[in-house]
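Participant: Provided below for reference: sequence and predicted model.
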Protein chains: 2
Amino acid sequence: MKQLRLVLPLLAAVGLLVAPVLSQEYVREVPARQLPLPATASPELRSFIQAGSAAIWNDHPATAAEWRAWVGRAAERTRAGLPALRGRMGVTVEASQVAGVNVFAVTPPEIAPENRNRVLIHFHGGGYVLNPGEAGTPEAIMMAGFGRIRVISVDYRMAPDFPYPAAMDDALAVYREMLTTHEAGRIGVFGTSTGGGMTLALVLRAKATGLPVPGAIAAGTPWSDLQKVGDSYFTNDTVDNVLVRYEGWLGDAARLYANGHDMRDPFLSPIYGEFSGFPPTILVSGTRDLFLSNTVRVHRKLREAGAVADLVVFEGVSHAQYLFSPDMPEAREYFRELGAFFNTHLKG
Amino acid sequence: MKQLRLVLPLLAAVGLLVAPVLSQEYVREVPARQLPLPATASPELRSFIQAGSAAIWNDHPATAAEWRAWVGRAAERTRAGLPALRGRMGVTVEASQVAGVNVFAVTPPEIAPENRNRVLIHFHGGGYVLNPGEAGTPEAIMMAGFGRIRVISVDYRMAPDFPYPAAMDDALAVYREMLTTHEAGRIGVFGTSTGGGMTLALVLRAKATGLPVPGAIAAGTPWSDLQKVGDSYFTNDTVDNVLVRYEGWLGDAARLYANGHDMRDPFLSPIYGEFSGFPPTILVSGTRDLFLSNTVRVHRKLREAGAVADLVVFEGVSHAQYLFSPDMPEAREYFRELGAFFNTHLKG
């Protein structure tokens, strides 16, 4: 009661006076609403919001064959656009292998002098199902081009054929091999969505394996909790026009990849990991992002653990929407932020 | 069309394929929903969410007399709790004047050695109407206590009796006077909500007046746009249980204070200011905050201007809710973040 006596006046201090409600079943009722186009977003972003919900968001492939076909159709659409994107950024992309894992080596037309001895490892997004092969390279292409730095984009194995932990085994194998040619402090790791979650999980795996951690990492709107746990899974439900809802293909993909493993395993949902000893980390999200909580929960936990952790939240941006075009200001800001962060924190 | 050819494959790259919609009247329809208590928030925060909407959120005082009475009732409730809060934090509070402006000098039981030559100036929140006199001191009391640093809390003049620019005139007068006894680099400025907006506007006023800027500032969920402009005014409408909606007392207070001035005046809505030369700034918001966009828009603009700008977003937190009790973890984290930021960036 001492606490309550103190608290009630403080509520009044900010203009509140409330009656405590004690129901365990409390829910907050939020009426239907119409969200206007944010005048505060770029015209390019507004055009992506105007485009409505992602056409595939509520697809539910039911068998492994249906997943493969669904993934294949999406990948084909992406591949068709890659020559233009590579041309726009001036980069070259070469298929290769590192430690037996398929990768793409992405090289900009000119490597910045300060980046000569540095390399970035990239994990693409797509819920551990989408973007196999070259379809996983757009973010790596833009990072290499905007950041004038070499990027190794990892074509890790995915569900349904290779569920957990195949993706993380591939991630660790590539990182371990890169350590034989690069000092850890000169290696950066980054990715968006699933790639952001894998970036965090890789650091946890490196720690658990006794490997040095990378010099710096960037986790764009990381899938840090594969369960529907976190405030923005609810507050931004249907506000986000990319993922739209956990109950779309996303939740199916989580179950497909986890394959019966406890989703609270930190290598599946890195938010449940132990964050001491993390390298400097930059996290990125948007006000409409279904993964806003997946992002800020990691940020809070990193700062509580004493890590250098930067947070960027873009106005009006849904999940991973800052990647949609190299010509949108939000994309340029994203890659500028990442480039500056890696430049500050990686060894020269 | 070149851009569109590039963009569509990129949408596919993250699992999207959309048809462009060109209506100027586009709105996104979001159905009614029930938000559960976030399991990821502290028990203390959950109790504040369970308490429902702030009782006063939809009050609409119609005359100056009604405003005064409404403000007086809220202030009385707050004042009743101050002895307990001062006791809990061990601080002393002394009424005083600086440059003819009423202030409260808040002194912790022990000043940290590194803070001996430093001082913080505090502007309280309350929409330029609430929290006159001692009712404006809770945040200053907690900052002094948690941060072991001297705080001068400014009891600036407010609407309805003193509309814009009285509050900012008082803020500038206090700052100018403090500069006669403290080097600018040893002065920090902070506040939440209206106090956060005033903190930003003070830097703009200092720049316009040719005064040196403070060493560092903290703007908690700043009221950076007094208009209903910004994505979260819409996305977090009714999701936030403190302010709830712009159409509550908040919008009335904006009009009362602006008193016919263009709300895009940067000293009213600092988001429209020019942000070059800003000192290191930390910004704080929450995933449910009606002012999430007011916060992240400032953060983006500061970083684009090259300033050191840190962003913190608390899971599940509505507007300014991190101040509700010194015993909630979110409050301790807020004051720990501010203390560390000031300690890093203020001169010793």
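Facilitator: Received, thanks.
Participant: Can I get the host helix or strand of residue A:95 in CSV, CA atoms only?
Facilitator: Using DSSP states H and E, residue A:95 sits in strand A:92-98. Taking Å, rounded to 0.1, in the frame of the first residue of the first chain, the C-alpha atoms of strand A:92-98 are listed here in CSV:
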residue,chain,number,x,y,z
THR,A,92,29.6,-7.7,-59.0
VAL,A,93,28.2,-10.9,-57.4
GLU,A,94,30.0,-14.2,-57.6
ALA,A,95,28.7,-17.6,-56.4
SER,A,96,31.2,-19.4,-54.2
GLN,A,97,31.5,-21.6,-51.1
VAL,A,98,32.9,-21.0,-47.7
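Participant: Is chain B within reach of it?
Facilitator: No: Strand A:92-98 lies apart from chain B when judged by Cβ under 8 Å from any Cβ of the partner chain; the minimum separation is 13.7 Å. Glycine gets a C-beta too; all of them are placed from N, C-alpha and C.
Participant: could you pull out the helices for the stretch 51-200 of chain A?
Facilitator: A:64-89, A:138-147, A:166-178, A:194-209 (DSSP state H, counting those that start in this stretch).
Participant: With respect to burial, which of these scores highest?
Facilitator: Greatest average neighbour count among the helices of the stretch 51-200 of chain A goes to helix A:138-147 (a mean of 26), per mean count of other Cβ atoms under 10 Å in any protein chain shown.
Participant: anything in it near chain B?
Facilitator: Yes: with Cβ under 8 Å from any Cβ as the criterion, chain B is reached by helix A:138-147 at residue A:138.
Participant: Export that helix to PDB, keeping only CA atoms.
Facilitator: In PDB, the C-alpha atoms belonging to helix A:138-147 read as follows (Å, rounded to 0.1, in the frame of the first residue of the first chain):
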ATOM      1  CA  PRO A 138      19.400  -7.700 -52.600                       C
ATOM      2  CA  GLU A 139      20.300  -6.300 -49.100                       C
ATOM      3  CA  ALA A 140      23.900  -7.500 -49.600                       C
ATOM      4  CA  ILE A 141      24.100  -5.800 -53.000                       C
ATOM      5  CA  MET A 142      22.900  -2.500 -51.500                       C
ATOM      6  CA  MET A 143      25.100  -2.700 -48.500                       C
ATOM      7  CA  ALA A 144      28.200  -3.300 -50.700                       C
ATOM      8  CA  GLY A 145      27.300  -0.500 -53.000                       C
ATOM      9  CA  PHE A 146      26.200   2.100 -50.500                       C
ATOM     10  CA  GLY A 147      28.900   1.100 -48.000                       C
END
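Participant: how far out from the middle of the chain is it?
Facilitator: Distance, stretch centre to chain centre, for helix A:138-147: 15 Å (Cα atoms, centre = their mean, to the nearest Å).
Participant: give the contact list for the residue nearest to residue A:339 when sequence neighbours are not counted.
Facilitator: Spatial nearest neighbour of residue A:339, excluding adjacent residues (Cβ to Cβ, 6 or more residues apart in numbering or on different chains): residue A:147 at 3.9 Å. Counting by Cβ atoms under 8 Å, 6 or more residues apart in numbering or on different chains, residue A:147 makes contact with A:108, A:112, A:115, A:120, A:335, A:338, A:339, A:342.
Participant: Just the ones of these in strands?
Facilitator: Cross-referencing the contacts of residue A:147 against strands under DSSP state E gives residue A:120.
Participant: Just among the contacts of residue A:147, which is most surrounded?
Facilitator: residue A:120 (28 neighbours; other Cβ atoms under 10 Å in any protein chain shown).
Participant: For that residue, list the residues it contacts.
Facilitator: So residue A:120 contacts A:143, A:144, A:147, A:149, A:150, A:151, A:152, A:187, A:188, A:189, A:190, A:342 (Cβ under 8 Å, 6+ apart).
Participant: what about 10 Å?
Facilitator: Residue A:120 makes contact with A:106, A:140, A:143-144, A:147, A:149-153, A:187-191, A:214, A:216-218, A:338-339, A:342, A:346, according to Cβ atoms under 10 Å, 6 or more residues apart in numbering or on different chains.
Participant: repeat for residue A:200
Facilitator: A:189, A:191, A:217, A:219, A:222-224, A:266-267, A:269-271, A:273, A:275, A:278, A:281, A:283, A:298, A:302.
Participant: Of these, which ones also sit close to chain B?
Facilitator: A:271, A:283 (Cβ under 10 Å from any Cβ of the partner chain).
Participant: Taking the contacts of residue A:200, please make a PyMOL selection of just the buried ones.
Facilitator: Buried members of the contacts of residue A:200, defined by 16 or more other Cβ atoms under 10 Å in any protein chain shown, are picked up in PyMOL with:
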select buried, chain A and resi 189+191+217+219+222+223+224+266+267+269+270+271+273+275+278+281+283+298+302
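Participant: So which of the contacts of residue A:200 belong to strands?
Facilitator: A:189, A:191, A:217, A:219, A:281, A:283.
Participant: Among those, pick out the one closest to chain B, please.
Facilitator: Here the nearest of the ones in strands among the contacts of residue A:200 to chain B, counting by Cβ to the nearest Cβ, is residue A:283; it sits at 9.6 Å.
Participant: What confidence value was assigned to the closest one?
Facilitator: At residue A:283, the model reports a pLDDT of 99.
Participant: Please name the residues that touch it.
Facilitator: A:196, A:200, A:217-222, A:224, A:294-299, A:302, A:309-313, B:311, B:313.
Participant: Please spell out the segments of chain A that come in under the pLDDT threshold.
Facilitator: A:1-24 (pLDDT under 70).
Participant: how about residue A:244, phi and psi?
Facilitator: The phi and psi torsions at residue A:244 (degrees, to the nearest 10) take the values phi 70, psi -60.
Participant: any idea what sits nearest it, other than its immediate chain neighbours?
Facilitator: Leaving out its chain neighbours, residue A:244 is closest to residue A:57 (Cβ to Cβ, 6+ apart), at 4.2 Å.
Participant: wait, isn't residue A:347 in contact with residue A:118?
Facilitator: Yes: contact criterion Cβ atoms under 10 Å: residue A:347 and residue A:118 qualify, at 7.7 Å.
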